[in-house]
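Trainee: Have a look; sequence and predicted model below, questions after that.
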Amino acid sequence: MFDNNSIDLVLTDPPYFLDKMDDRWDEKKVASTKYHHVIKSLPAGMKFDREQGKNFYEWYYKISKQILRVLKPGGFFFSFSSPRLYHRMVSAIDDTGLLIRDCFI
């Protein structure tokens, strides 16, 4: 655990919850017709479930609260994101009270 206001910079490339993050799915779930939207950037057979975005937001919100706690005043937080989940990431960061200063594409 880091002390409050003790970190100058946080740089992260988080998981995007677009594949087997929880290690609970198997071939039957991937082949399921429950989800109909195929994202072309994912490997064949992988589908995007809108719940993944919601899960990502909730997870990233918790992470962002901790980052806000440990960052020194004026500290920096840089994060990579997938285009599909960028809006969820930024919303989570913003909702914790961190200031969004810029976006690098």
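Mentor: That came through fine.

Trainee: Could you use CA atoms for every contact and neighbour count after this?
Mentor: Will do.

Trainee: What segments of this structure are strands?
Mentor: Taking DSSP state E, the strands of the chain run over residues 7-12, 71-79.

Trainee: okay if I get these as a markdown table plus mean neighbour count and distance to residue 104?
Mentor: Listed next are the strands of the chain as a markdown table, based on neighbours: other Cα atoms under 10 Å; distance: least, Cα to Cα, whole Å:
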| stretch | mean neighbour count | distance to residue 104 |
| --- | --- | --- |
| strand 7-12 | 13 | 13 |
| strand 71-79 | 15 | 9 |
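
Trainee: will you turn those into TSV that also has mean pLDDT?
Mentor: Output for the strands of the chain, formatted as TSV (pLDDT from 0 to 100):
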stretch	mean pLDDT
strand 7-12	96
strand 71-79	96
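
Trainee: For residue 100, which of those strands is the nearest?
Mentor: Residue 100 lies closest to strand 71-79 among the strands of the chain, at 9.4 Å (Cα to Cα).

Trainee: Provide the contact partners of the closest one at residue level.
Mentor: Here strand 71-79 makes contact (Cα atoms under 8 Å, 6 or more residues apart in numbering) with 4-14, 67.

Trainee: of all these, which comes closest to residue 105?
Mentor: Residue 105 lies nearest to residue 13 out of the contacts of strand 71-79, by Cα to Cα, at 14.1 Å.

Trainee: Next, the contact list for the closest one, please.
Mentor: Here residue 13 is in contact with 79-81 (criterion: Cα under 8 Å, 6+ apart).

Trainee: Would you map the helices across this protein?
Mentor: For the chain, applying DSSP state H gives helices covering 27-30, 50-70, 86-96.
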